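# Give me coordinates for this.
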Amino acid sequence: MAASGKLASFRLPPLPTVSELIKLYNLRAEKQLSQNFLLDLRLTDKIVRQAGNLKNAHVCEVGPGPGGLTRSILNAGAADLLVVEKDTRFIPGLKLLSEAAPGKLRIVHGDILTYRMDRGFPRTVSKPWEEDPPNVHIIGNLPFNVSTPLMVKWLENIANRTGPFVYGRTRLTLTFQKEVAERLTASTGSRQRSRLSIMAQYLCTVHNCFTIPGRAFVPKPEVDVGVVHFTPLIQPQIQQPFKMVEKVVRNIFQFRRKYCYKGVEKLFPEARRAELTEEMMQKADVDPTLRPTELTIPQFRALSDAYAHLCNRDPDLLSYEHREELRLSHLARPNGNTPHS
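Below is the predicted model:
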């Protein structure tokens with residue numbers, strides 16, 4: 001009986017506290033890397049609980065830094081924790097943790113934006129997409145400067161079932177600036193509704209878990225931090241290629257205070273703009289006088305389907321970029337000046 005109890009609850013042996021490690025290795029959070037350390041283990045435990053049951057799980061932690069969240073993940077029972085850390089200064093402290101948890105912690109010194117996470121875990125942990133999510137998790141207290149580009153990259157991976165999603169519907173539990181967390185989870189009609197809301201919610205169930213006050217971090221950021229949990233959907237709500245959906249959503253949200261047809265217009269070259277915009281809005285059966293924030297995901301689906309239909313008829317439309325046309329017309333002017341629009 002005692003043996004099974006021992007197996008069930010791994011606890012790290014006594015270690016220097018995260019604060020002591022920071023002093024020991026003279027680790028300062030680098031402002032230009034937008035690093036903020038979370039030293040309160042009650043809070044890191046709370047983040048880890050949002051990921052669900054980590055007993056025997058395979059976990060990738062992004063940007064572990066001094067290892068506060070890393071300790072909580074190990075204490076939650078993860079069998080295999082892969083940490084990806086770009087900053088050399090944190091590697092010695094992570095090695096100390098690795099020695100305290102033999103065979104459980106693997107350290108990759110590298111950049112999460114380029115790291116091949118599809119090779120991070122054995123394929124035996126995979127689950128078919130249509131089944132429950134695999135026992136694979138991504139957890140991270142992300143530096144603010146990479147959180148949005150990284151999330152967009154992962155959303156594209158979800159759409160294509162690549163990267164961390166070759167194992168199935170891998171779940172993510174991540175920190176963002178509070179404002180970004182609100183955008184990711186914003187509902188139709190809310191002030192925070194944005195391109196990011198649509199891109200995340202058409203592919204995932206997105207849950208804003210809780211907010212951590214800025215004062216809990218060292219150094220204290222200007223903003224509070226939101227913890228967000230993502231579970232990829234079995235069926236994305238829009239069945240078009242990611243890049244095409246992203247193009248439609250980006251164009252519509254570039255004029256977030258105007259009627260939505262203003263953004264749709266910019267999908268088309270000037271010569272055919274009026275006629276194609278009208279055809280797309282009619283085919284999608286969307287009121288052209290709705291604001292971008294008022295559009296539901298089914299309406300974005302209808303608009304993406306209508307745009308795909310027009311692109312199938314005229315493949316050149318897909319490569320048309322309004323901004324590129326503006327740039328070229330700007331370069332063509334004798335003095336490079338653009339007229340006031």
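# Distance check, the nearest residue to Arg191 once chain neighbours are set aside against Pro92.
In this structure, Arg191 finds its nearest non-sequential neighbour in Thr293, 7.3 Å apart by CB to CB, 6 or more residues apart in numbering. All C-beta atoms are positioned from the backbone trio N, CA, C, and that covers glycine. According to CB to CB, to the nearest Å, Thr293 and Pro92 sit 48 Å apart.
# next one: Cys60
Plainly put, Cys60 is 21 Å away from Pro92 if you go by CB to CB.
# and those two? which has more neighbours close in?
Cys60 (25 against 12; other CB atoms under 10 Å).
# so where is the stretch 201-341 of the chain shaky, pLDDT-wise?
Applying pLDDT under 70 to the stretch 201-341 of the chain flags the ranges 325-341.
# Which parts of stretch 132-146 count as buried, going by neighbours?
Buried residues in stretch 132-146, counted by 16 or more other CB atoms under 10 Å: 133-144, 146.
# In strands, which of these fall?
Val136, His137, Ile138, Ile139, Gly140 (DSSP state E).
# which residue packs closest to the last one, ignoring adjacent ones?
The shortest distance from Gly140 to any residue other than its chain neighbours is 3.3 Å, reached at Val62 (CB to CB, 6+ apart).
# how far away is the one you found from Leu150?
With CB to CB as the criterion, Val62 and Leu150 are 7 Å apart.
# Need the overlap of contacts for those two.
Common neighbours of Val62 and Leu150, using CB atoms under 8 Å, 6 or more residues apart in numbering, are Ile112, Leu142.
# Just want to know which of those two has more residues nearby.
Val62 (26 against 19).
# For that one, give me phi and psi.
phi -100, psi 130 (degrees, to the nearest 10).
# thought it was touching Pro143?
No - between Val62 and Pro143 there is no contact under CB atoms under 8 Å: 9.2 Å.
# In contact with the residue nearest the centre of the chain, which residues?
The chain has Met151 as the residue nearest its centroid, 2.0 Å off, counting by CA atoms, centre = their mean. Counting by CB under 8 Å, 6+ apart, Met151 makes contact with Leu174, Phe176, Leu184, Leu196, Ala200.
# Now tabulate the ones in strands among the buried residues of stretch 132-146 in JSON lines and tack on distance to Leu15 and pLDDT.
Below are those laid out as JSON lines (distance: CB to CB, whole Å; pLDDT from 0 to 100):
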{"residue": "Val136", "distance to Leu15": "26", "pLDDT": "98"}
{"residue": "His137", "distance to Leu15": "23", "pLDDT": "98"}
{"residue": "Ile138", "distance to Leu15": "24", "pLDDT": "98"}
{"residue": "Ile139", "distance to Leu15": "20", "pLDDT": "98"}
{"residue": "Gly140", "distance to Leu15": "21", "pLDDT": "96"}
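# Could you find which two of those are furthest from each other?
Based on CB to CB, the longest span within these runs between Val136 and Gly140 and measures 14.0 Å.
# contacting residues around the residue nearest to His322 when sequence neighbours are not counted?
Closest residue in space to His322, ignoring its immediate chain neighbours: Lys266 at 4.1 Å, by CB to CB, 6+ apart. Listed by CB under 8 Å, 6+ apart, the contact set of Lys266 reads Asn251, Gln254, His322.
# Select only the buried ones of the residues you listed in ChimeraX?
Buried subset of those, written as a ChimeraX selection, criterion 16+ other CB under 10 Å:
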select :251,322
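# of all the contacts of Lys266, which comes closest to Leu43?
Gln254 (37.2 Å).
# Secondary structure of the residue nearest to the centre of the chain: a strand, I assume?
No - if the criterion is DSSP: H, G, I helix; E, B strand; the rest coil, then Met151 is helix and not within a strand.
# what about it, distance to Arg250?
15 Å.
# next one: Ile138
In terms of CB to CB, Ile138 sits 25 Å off from Arg250.
# for Leu74, same thing?
Separation of Leu74 from Arg250 (CB to CB): 40 Å.
# Between these two, which is the more surrounded one?
Per other CB under 10 Å, whichever of Leu74 and Arg250 has more neighbours is Leu74, with 25 against 15.
# just to revisit the earlier point, which of the contacts of Lys266 fall in helices?
Among these, the members found in helices (DSSP state H) are Asn251, His322.
# Same list, the contacts of Lys266, but as TSV with distance to Val83 please.
Shown next, in TSV, are these (distance: CB to CB, whole Å):
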residue	distance to Val83
Asn251	38
Gln254	38
His322	42
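# Out of the contacts of Lys266, flag the one nearest to Phe300.
Checking these one by one against Phe300 (CB to CB), the nearest turns out to be Asn251, at 11.5 Å.
# looking at this, Val108 is in a strand?
Yes - per three-state DSSP, Val108 lies within a strand segment.
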